[in-house]
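> Compute the structure for the input listed below.
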Amino acid sequence: MKLEQVKLEQAKQQRRIAIFKFVLLAGIIAVTGLLYRVLDLGQMSSMEGVGDVVVQVRAMSNDYGAVGAGLFLMAGICAIILNIPTVIVIAVASAIYGGVGALLLGVLLLNSATTCIYFIGKKLGRDFIFQFFGRSINRLEAQFEDRGLITVIHLRLLFFALPPMNWFLSVMNLSYRDYGLGTLIGGLPKTVMYAWLGGTVFNALAEGGHELSEFYLEMAVPVVASVSLSVILKMVDIRYMSGKEDSDAAIKE
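Just a heads-up that it's a prediction; the model follows:
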């Protein structure tokens, strides 16, 4: 009897996963198709075409004002929940609203979407998330036992919101405080970087620039700063882990 119940539950789980995958794929296709039709993305085959699209979407955003920003925020949150990389969403925001607008929207988007993902993940459960997105990361999860907040900050600084990290973190042994605060603090530096980078590039294209070489410095500074920060954090992590292992070994002896 119990075996039949287990098999029935597994079958239900597989159906839920199949439905979730279908909804995810359908959502991505729908968003892509909508953007292609609304923005006429077929003209983005050249730098001039990209610049024209940027000018068009910025004019549309001015017409819609706060309502347009609100709609973009909701669409961006849905996109991140659907596992579309946050970097892409911030890049689109920088094309429409410039660097400062993308920074503000990026912070709201990342933290709102990850909050939704956290509670959706808790509702769906660990087995569902790991079956859908991949196997459990036991070594990573062990880090949350003693320093959950710091681990989330480090992961956000190193990998930002690289899919499917948001979903994995949602089912780790984490309180919402550590998850939310860690995402806010750790995600801010790269949100600034991508907003600045996108704003610089798209502003240049919108102003009719076809050569980005004159903006190398503006583009290089945030990239170098982000990479340097990631390398430093990785070195600190390695040193911390090696020190912790030595300490644990000494205690056992």
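> alpha carbons only for contacts and neighbour counts from here, please
Fine.
> Which pLDDT value goes with Thr191?
pLDDT for Thr191: 91.
> elements contacting the helix or strand hosting it?
Using DSSP states H and E, Thr191 sits within helix 176-206. Judged by 3 or more CA pairs under 8 Å, 6 or more residues apart in numbering; DSSP states H and E, the packing partners of helix 176-206 are helix 47-81, helix 86-124, helix 144-159, helix 216-252.
> The next helix or strand after the longest one vs helix 86-124, what angle?
Spelled out, that is helix 86-124. Next helix or strand after helix 86-124 toward the C-terminus (DSSP H and E): helix 126-133. Counting by axes from the mean of the first three to the mean of the last three CA atoms, to 10 degrees, helix 126-133 lies at 150 degrees to helix 86-124.
> what's helix 126-133 packed up against?
When contacts are defined as 3+ CA pairs under 8 Å, 6+ apart, helix 126-133 packs onto helix 2-39, helix 165-170.
> From the rest of the structure, what touches that helix?
Gln13, Ile17, Lys21, Gly121, Ser136, Pro164, Trp167, Phe168, Val171 (CA atoms under 8 Å, 6 or more residues apart in numbering).
> go on, stretch 63-77?
With contact meaning CA under 8 Å, 6+ apart, stretch 63-77 is reached by Ser61, Val89, Leu105, Leu108, Leu109, Leu110, Ser112, Ala113.
> 6 Å instead?
Ser61, Leu109, Ala113 (CA atoms under 6 Å, 6 or more residues apart in numbering).
> Let me know the pLDDT of the last one.
You'll see Ala113 listed with a pLDDT of 94.
> same thing with the first one?
We note a pLDDT of 76 for Ser61 in this prediction.
> still on that earlier bit, nearest to Trp196, of the helices and strands packed on helix 176-206?
Nearest to Trp196 among those is helix 86-124; the distance by CA to CA comes to 5.1 Å.
> follow-up on the earlier one: nearest approach to Leu8 belongs to which of the helices and strands packed on helix 176-206?
Closest of the helices and strands packed on helix 176-206 to Leu8 is helix 86-124, at 17.3 Å (criterion: CA to CA).
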